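*Asks:* How does the following fold in three dimensions:
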Amino acid sequence: MFLRNKKWLARDPLWKEVYLRQVDEMVERGAAIKLTKDVMDNWKCAVWGVSHLTAPNPHSVTTPVRLIWNSSQEFGGVSMNSILLQGPDVLKPIRAVLLRFREGEHAAILDITKMYNSIWLEEQEVHVHQFLWRNSLEDEIEDYVVVSVNMGDKPAGCIAQVAMRETAKLPQFSDMKEERRVIEEDSNVDYLLTSLSDPHRLTKIQEGEEKILKAGGFYLKPWIRSGQSGRRDETDSKPVILTQTVKGALGVGYLMQEDKLFEMVSINFSSRKKKMRTEIDLTEEEVEVKKPNPLTHRVLLSQVAGLYDPFGLVTLVKQKGQFLCLTSSEERQLSCLRSTLV
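*Replies:* Below you'll find the predicted structure:
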């Protein structure tokens, strides 16, 4: 699996560079370490190897490909995830989180960086997360191990959420009732979204959230406040994409200055591997050139159905697209698809 993945990466120098950088960053952050021969020889308990794969990341310009851990990879009919319990569903409903985010006049968003890697594993858990790695063909293949919660593990989401909430319940934060409520009620995966009509009170809430989360070892990105320009110049606005790769992702975009949420649309005709597209989304100019031939009703309908709508506000648009895609003319079908999604 390792050699096949490296061979596949060698076809695209950009993807290879980004992929290598992600592993190097894990080692630099201490989320992964190289195992010595003495450690491996002296460890007598359970050992398991976890393969890592590439996954396109169409919503990111800087990270076009992501490293994912395949804890569902089977060996001898057994996989890591097949012997792990998922744990209770502790995520709050996405629609409820987004609706509460629109209640107050002033809104704030916090993104927790590498949330899963902020929680450390016990020693007996570490050695069932071994993986192989080398930076170049000239290097020898060496053994590494992930020492923090792995995103590919079945209970990873539950562990991360529980760790964050248990941190908020520490005695030193007992008087921060509103901050604790935000962590429990206004969060989904690694995003916190909250709003208040009093901007000064909101600032105080932000400071309290930072204090709690940093005490738990979570690394935070800068807060995003409604009304911020987020612009490099006076004409170009920078949208924030609130999306992740795990179940329960928010799946929407946010314009800071305008304080607006928007539905994200995409057209991607590539094949799927493990339920994920193998290529990045097409630009509007590429749709005509890279459309499949023949362009079937099934392909068109899958593009319309792929529009993620947590609010349910664009259901009528999706239904319109589904009806229009059933027309007989291929050119009309493509035109309807473009007008519906764009």
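
*Asks:* hey, where'd the strands end up in the stretch 51-200 of the chain?
*Replies:* Secondary structure of the stretch 51-200 of the chain (DSSP state E, counting those that start in this stretch): strands located at 51-56, 65-70, 106-113, 130-133, 142-146, 187-188, 191-196.

*Asks:* Outside of the fifth one itself, list whatever touches it.
*Replies:* Outside strand 142-146, the residues that touch it by C-beta atoms under 8 Å, 6 or more residues apart in numbering are 26-27, 31-35, 40, 50, 69, 121, 126-127, 129-134. (C-beta placed from N, C-alpha, C; glycine too.)

*Asks:* Kindly report the same for the last one.
*Replies:* For strand 191-196, contacts defined as C-beta under 8 Å, 6+ apart pick out 97-98, 100-112, 182-183, 186-187, 202, 205, 209, 226, 242, 250.

*Asks:* Next: the shortest one.
*Replies:* Outside strand 187-188, the residues within contact range by C-beta under 8 Å, 6+ apart are 91-92, 94, 97, 161, 164, 193, 248-250.

*Asks:* which residues of the stretch 101-250 of the chain fall in helices?
*Replies:* Counting by DSSP state H, counting those that start in this stretch, the stretch 101-250 of the chain has helices at residues 123-126, 156-168, 177-185, 199-215.

*Asks:* May I ask you to confirm that residue 21 belongs to a helix?
*Replies:* Yes: under DSSP: H, G, I helix; E, B strand; the rest coil, residue 21 sits within a helix.

*Asks:* Can you check the pLDDT for it?
*Replies:* pLDDT, residue 21: 87.

*Asks:* Same question for residue 45.
*Replies:* At residue 45, the pLDDT value in this model is 92.

*Asks:* And for the one 10 residues further on?
*Replies:* With respect to pLDDT, residue 55 has a value of 74.

*Asks:* Which of the contacts of strand 187-188 scores worst on pLDDT?
*Replies:* residue 248 (37).

*Asks:* which stretches of the chain have low pLDDT?
*Replies:* 57-64, 229-239, 241, 243-249, 273-274, 276, 278, 321-342 (pLDDT under 70).

*Asks:* Could you chop it up by domain?
*Replies:* Residue ranges for each domain of the chain read 2-247+254-260, 265-341, as given by automatic domain parsing.

*Asks:* hang on, the earlier thing: so which of the contacts of strand 187-188 is the closest to residue 294?
*Replies:* residue 249 (33.0 Å; C-beta to C-beta).

*Asks:* Residue 65 versus residue 286, what's the distance?
*Replies:* For residue 286, the distance to residue 65 (C-beta to C-beta, to the nearest Å) stands at 18 Å.

*Asks:* With residue 265 instead?
*Replies:* From residue 265 to residue 65 the distance is 22 Å (C-beta to C-beta).

*Asks:* now residue 115
*Replies:* Shown here: residue 115 relative to residue 65, a distance of 20 Å by C-beta to C-beta.

*Asks:* gap between residue 190 and residue 121?
*Replies:* Computed with C-beta to C-beta, the distance linking residue 190 and residue 121 is 18 Å.

*Asks:* Who has more neighbours out of the two?
*Replies:* Ranked by neighbour count (other C-beta atoms under 10 Å), residue 190 and residue 121 place residue 190 first, with 23 against 18.

*Asks:* Could I get the contacting residues of the more buried one?
*Replies:* Residue 190 is in contact with 111-113, 115, 160, 244, counting by C-beta under 8 Å, 6+ apart.

*Asks:* same thing with residue 69?
*Replies:* 50-52, 131, 146, 150-153.

*Asks:* And residue 310, by the same measure?
*Replies:* By C-beta under 8 Å, 6+ apart, the contact set of residue 310 is 94-95, 98, 250-252.

*Asks:* Make a ChimeraX selection of whichever of those turn out to be buried.
*Replies:* Of the contacts of residue 310, the buried ones go into a single ChimeraX selection, burial set by 16 or more other C-beta atoms under 10 Å:
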select :94,98,250,251,252
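
*Asks:* Export the contacts of residue 310 as TSV, with columns for distance to residue 44.
*Replies:* Formatted as TSV, these follow (distance: C-beta to C-beta, whole Å):
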residue	distance to residue 44
94	45
95	49
98	50
250	44
251	45
252	49
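
*Asks:* Show me which of the contacts of residue 310 is closest to residue 198.
*Replies:* Minimum distance to residue 198 across the contacts of residue 310 is 21.0 Å, recorded for residue 98 (C-beta to C-beta).

*Asks:* Quick one: residues contacting the closest one.
*Replies:* 193, 250, 252, 261, 310-311.

*Asks:* and the residues you listed, which of them are in strands?
*Replies:* 193, 252, 261 (DSSP state E).

*Asks:* how about these in TSV, adding distance to residue 86?
*Replies:* Below are these laid out as TSV (distance: C-beta to C-beta, whole Å):
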residue	distance to residue 86
193	25
252	25
261	29
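
*Asks:* Compare residue 286 and residue 65 (neighbour count), which wins?
*Replies:* residue 65 (21 against 13).

*Asks:* wait, that one sits on residue 53?
*Replies:* No: between residue 65 and residue 53 there is no contact under C-beta atoms under 8 Å: 10.0 Å.
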